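Undergrad: would you be able to build a 3D model of this:
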Amino acid sequence: MNPTIKHVVQRGETLYQIAKKYGLTVNVLLAANPNIKNPSLIMPGQEINVPSKTIVVPQESYGYDEMMSDLDALSKFYPFIIKVSTIGKTVAGRSIPAVQIGNGKKEVHYNGSFHANEWITTLLLMKFLEVYAKAYQGGRYIGHFNIKNLFERTSLWIVPMVNPDGVELVQNGIQPTDPFYDAVMRINRGSSDFGGWKANLRGVDLNDQFPARWDVEVARRAGTAPAPRDYPGPSPLSEPESRAMANFTRSHNFRLVIAFHTQGEEIYWGYRGLEPAESLYIVQRFVEVSGYESIRYVESDAGYKDWFIQDWRRPGFTVECGRGTNPLPVSQFWDIWGKVIGIFLVGLDV
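TA: Model prediction:
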């Protein structure tokens, strides 16, 4: 049975207007409200059952506006399950949303779209939010996972899009009227093709911004100026997006974190020997459910999971979803979904 919300009829509203507001037809509303005998006779104050449809739909150019619209719809259909807040603003002033689902004492964090052209990770996290909320409301299992138990034991905090400005740039380009136009075009060497852009709007790679041997990463990258990718910035946490993520993380007591990226079908789980012993067990479970390859160390510093492992000595992971050239096409979505949904669920269970 699809979940419903209650709509209170306002003065002057018609059933057609209510149906249009929720993207439904009058016939769908009538089927959900058998007590309505005459569609023309609804009264102010009357409660109308509004059935949900699938909210998060995989599509090309799933960007900031689509995410925000879906978050609004999800919070309306699951008002006591999904709670949306803001952790900060981007360079261009966009709000960076965080979503809480679950009310347990154990806290877990997932994030996506640190890198602009890896926006399909946002879509994966948003779809998981919907599937998880629907399963909890319906008292259902997903596979062998008891969703009610997971929900009551674990508070999952998701930041589905760390880099909204960058995602919008990759998907929609930038207009000459934009105050950042000249700087962005200079960084991109005059090209209006932003398919290779990973950075934020100022040309800083947000996943090279964290105070975990940042100076070593700077020396490795050898980049001294803003660029579409791999420039660590003028100092650690110089960007509003990375500062928002750092402050958000410090304000919680996360048992583990997972940063979702693309591509390679790999899971990175170590950082300079600072990871706890249990990380091995957890990554082995991730590998079992996904078929992805486990990689303990890679020559890299200053990433979000590196910093988390270093400062908290708790399990941190970077999951590289899918294979191909970024941005991955949405045609890969369901194949990736089938492999990472197990990681989403195991991360709540361990």
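Undergrad: check what pLDDT the residue positioned nearest the centre of the chain gets.
TA: With distances taken as Cα atoms, centre = their mean, P160 lies nearest the centre of the chain, 1.6 Å away. Each residue has a pLDDT score; the one for P160 is 99.
Undergrad: got the CA positions of stretch 336-350 in PDB?
TA: Provided in PDB are the C-alpha atoms of stretch 336-350 (Å, rounded to 0.1, in the frame of the first residue of the first chain):
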ATOM      1  CA  ILE A 336      25.100   0.700  -9.500                       C
ATOM      2  CA  TRP A 337      22.100   0.700  -7.200                       C
ATOM      3  CA  GLY A 338      22.000  -3.100  -7.100                       C
ATOM      4  CA  LYS A 339      25.600  -3.200  -5.900                       C
ATOM      5  CA  VAL A 340      25.600  -0.200  -3.400                       C
ATOM      6  CA  ILE A 341      22.200  -0.700  -1.700                       C
ATOM      7  CA  GLY A 342      23.900  -3.500   0.400                       C
ATOM      8  CA  ILE A 343      26.600  -1.100   1.400                       C
ATOM      9  CA  PHE A 344      23.900   1.500   2.500                       C
ATOM     10  CA  LEU A 345      22.300  -1.100   4.700                       C
ATOM     11  CA  VAL A 346      25.400  -2.800   6.100                       C
ATOM     12  CA  GLY A 347      26.700   0.600   7.100                       C
ATOM     13  CA  LEU A 348      23.700   1.000   9.400                       C
ATOM     14  CA  ASP A 349      23.900  -2.500  10.800                       C
ATOM     15  CA  VAL A 350      27.600  -2.800  11.800                       C
END
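Undergrad: in that stretch, what's buried?
TA: Judged by neighbour count (16 or more other Cβ atoms under 10 Å), stretch 336-350 contains these buried residues: 336-337, 339-348. Using the backbone N, CA and C atoms, a C-beta is placed for each residue, glycine as well.
Undergrad: pick out the most distant pair among those residues.
TA: Using Cβ to Cβ, these span at most 18.9 Å, a distance reached by I336 and L348.
Undergrad: returning to what we had before: how much space between the residue nearest to the centre of the chain and Y64?
TA: According to Cβ to Cβ, to the nearest Å, P160 stands 10 Å off from Y64.
Undergrad: next one: R323
TA: Distance check for R323 against Y64: by Cβ to Cβ, it reads 26 Å.
Undergrad: cool, R229 as well?
TA: 20 Å.
Undergrad: the more surrounded of those two?
TA: Between R229 and Y64, counted using other Cβ atoms under 10 Å, Y64 has the larger neighbour count: 24 against 19.
Undergrad: which ones are touching the residue nearest to the more buried one when sequence neighbours are not counted?
TA: Leaving aside its chain neighbours, Y64 sits nearest to P164 (4.4 Å; criterion: Cβ to Cβ, 6 or more residues apart in numbering). The contact partners of P164, by Cβ atoms under 8 Å, 6 or more residues apart in numbering, come to 64, 90, 94, 96, 113.
Undergrad: now with 6 Å?
TA: 64, 90, 94 (Cβ atoms under 6 Å, 6 or more residues apart in numbering).
Undergrad: any idea how far it lies from M67?
TA: 8 Å.
Undergrad: and S294, which helix or strand is it part of?
TA: If you go by DSSP states H and E, S294 is part of strand 293-295.
Undergrad: how far off centre is the very next helix or strand once past that strand?
TA: Next helix or strand after strand 293-295 toward the C-terminus (DSSP H and E): helix 304-312. Computed by Cα atoms, centre = their mean, to the nearest Å, the separation of helix 304-312 from the middle of its chain amounts to 19 Å.
Undergrad: and helix 304-312, what does it pack onto?
TA: With contacts taken as 3 or more Cβ pairs under 6 Å, 6 or more residues apart in numbering; DSSP states H and E, helix 304-312 sits against strand 254-262, strand 316-321.
Undergrad: skipping adjacent residues, who's closest to G270 in space?
TA: Closest residue to G270 apart from its sequence neighbours, by Cβ to Cβ, 6+ apart: R296 at 3.9 Å.
Undergrad: so the one you found sits against R272, correct?
TA: No - using Cβ atoms under 6 Å, R296 is not in contact with R272, being 10.5 Å away.
Undergrad: quick one: mean pLDDT for the helix or strand hosting A98?
TA: A98 belongs to strand 95-101 when assigned by DSSP H and E. Mean pLDDT, strand 95-101: 98.
Undergrad: next helix or strand past it?
TA: Later in the chain than strand 95-101, the nearest helix or strand by DSSP H and E is strand 106-112.
Undergrad: how far off centre is the helix or strand following that following strand?
TA: Once strand 106-112 ends, the next helix or strand along the chain (criterion: DSSP H and E) is helix 120-137. In this view, helix 120-137 has its centroid 9 Å away from the chain centroid, taken as Cα atoms, centre = their mean.
Undergrad: ranges for the strands of the stretch 51-200 of the chain?
TA: With strands called from DSSP state E, counting those that start in this stretch, the stretch 51-200 of the chain shows them at 82-89, 95-101, 106-112, 141-142, 145-146, 154-159.
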